[in-house]
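Trainee: Whatever this is, show me its structure:
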Amino acid sequence: MTDNYTQKPVSSQPGMPGEWMPMPQVQSSPNCPPGLEYLAQIDQLLVHQQIEILEVLTGIEMQNKYQIKNSLGQQIYFAYEESGCMHRICCGPHRGFVLHITDNSQQEVMRVVRNFKCCAGCCWCADCAECGFEIQVEAPPGNIVGYAKQRQYFWKPELDVQNAEKDTILKIRGPCCLFCTMEDIDYKVMTPDLKTEVGLITKQWGGCFRECITKADNFSITFPQDLDVKAKATLLATNILIEFMIYEQQKNNNNS
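Mentor: Next up is the predicted model:
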């Protein structure tokens, strides 16, 4: 089953003009799609999910929103989810969605698509086409630049980061302990042969109140500054997949 969505305009985005990263003076090219020039100059992203007060008060699943910042705290992008209300209520973190990622001029520069799969989520059979969570990354919308896919695992979460041709360019390896800790949790970004660690996706500990009361999570992503911008964009989308696949699922279980 596939959900089709059309972009809806964002009425406003958080952050005053001075809080946004200045537009880099870099020309777009086939290796740097328009809108991804920001990523060419950085080696870290901070992903802050916004707390939805109505969701906290009612427990009703709302559409997710994220502020995406550089290491200085300047906002680079704003991301907002588009999904069906019944899908959010009935399917929770398993829902299909489109994530629209916009720059400081509210121009959509990236789109992340996850189609609904009724059997997805089981880590033991994730290598089966219909059983693994997968996202498609477009930059600009309509131009596929990469994919991220859940892989089969038993103890440690594993994901593949792929290019537009679905060749694996990076692998993600998580830790054994995902929840029974009050500290940051690291997911190693590895080369395809698993011999070299090149970065980290870190789930940041938000404190007891935030972790217990809300589903809003904070992450950081580090990578080599000279990494291809398309790979950086796909790592950002992989972070969102991890957030849905593991942490929204866990908090949904705790609240059920």
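Trainee: contacting residues for residue 71?
Mentor: 42-44, 46 (C-beta atoms under 8 Å, 6 or more residues apart in numbering). (Glycine included, C-beta is placed from N, CA and C.)
Trainee: any chance of the residues you listed in CSV, with pLDDT too?
Mentor: Shown next, in CSV, are these (pLDDT from 0 to 100):
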residue, pLDDT
42, 94
43, 97
44, 97
46, 96
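Trainee: and those residues, which of them are in strands?
Mentor: In strands, defined here by DSSP state E, the members of the contacts of residue 71 are 44, 46.
Trainee: check which helix or strand covers residue 226.
Mentor: Per DSSP states H and E, residue 226 falls between elements, in no helix or strand.
Trainee: Compute the number of surrounding residues for it.
Mentor: If you count neighbours by other C-beta atoms under 10 Å, residue 226 ends up with 7.
Trainee: Show the pLDDT at it.
Mentor: Residue 226 is assigned 95 on the pLDDT scale.
Trainee: Does residue 40 belong to a helix, a strand or coil?
Mentor: Going by DSSP: H, G, I helix; E, B strand; the rest coil, the secondary structure assigned to residue 40 is helix.
Trainee: what's the burial count for the residue nearest to it when sequence neighbours are not counted?
Mentor: Take residue 40 and drop its neighbours on the chain: the residue closest to it by C-beta to C-beta, 6 or more residues apart in numbering is residue 229, 5.3 Å away. When neighbours are defined as other C-beta under 10 Å, residue 229 has 23 of them.
Trainee: can you check residue 186 too?
Mentor: A count of nearby residues for residue 186, using other C-beta under 10 Å, gives 16.
Trainee: wait, it sits on residue 200?
Mentor: Yes. Using C-beta atoms under 8 Å, residue 186 makes contact with residue 200 at a distance of 5.2 Å.
Trainee: What segments of the chain are helices?
Mentor: When assigned using DSSP state H, the helices of the chain occupy the ranges 53-58, 85-91, 208-213, 229-242, 249-255.
Trainee: from the chain's centre, how far out does stretch 92-109 sit?
Mentor: Here stretch 92-109 is found 10 Å from its chain centre; the criterion is C-alpha atoms, centre = their mean, to the nearest Å.
Trainee: Same check on stretch 227-240?
Mentor: Averaging C-alpha positions (C-alpha atoms, centre = their mean) puts stretch 227-240 9 Å from its chain's average.
Trainee: And for stretch 99-113?
Mentor: Mean-position distance between stretch 99-113 and its chain equals 13 Å (C-alpha atoms, centre = their mean).
Trainee: Quick one: mean pLDDT for it?
Mentor: The predicted model gives stretch 99-113 an average pLDDT of 95.
Trainee: again with stretch 53-65
Mentor: pLDDT averaged over stretch 53-65 gives 76.
Trainee: Hmm, residue 234 is touching residue 144, no?
Mentor: No. Counting by C-beta under 8 Å, residue 234 does not reach residue 144; the two are 10.2 Å apart.
Trainee: any common contacting residues for these two?
Mentor: Common neighbours of residue 234 and residue 144, using C-beta under 8 Å, 6+ apart, are residue 137.
Trainee: which of those two has more neighbours?
Mentor: residue 234 (27 against 16).
Trainee: Find me whatever residue is spatially closest to the more buried one, sequence neighbours aside.
Mentor: Nearest to residue 234 is residue 146, by C-beta to C-beta, 6+ apart, at 3.3 Å.
Trainee: now residue 80
Mentor: Nearest non-adjacent residue to residue 80, counting by C-beta to C-beta, 6+ apart: residue 65, 4.8 Å away.
Trainee: same question, residue 236
Mentor: residue 45 (6.0 Å).
Trainee: Give me the pLDDT for that neighbour.
Mentor: pLDDT for residue 45: 97.
Trainee: these two touch, right, it and residue 67?
Mentor: No. At 10.7 Å, residue 45 does not count as touching residue 67 under the criterion of C-beta under 8 Å.
Trainee: mind listing what residue 219 touches?
Mentor: Counting by C-beta under 8 Å, 6+ apart, residue 219 makes contact with 46-47, 201-204, 239, 242-243.
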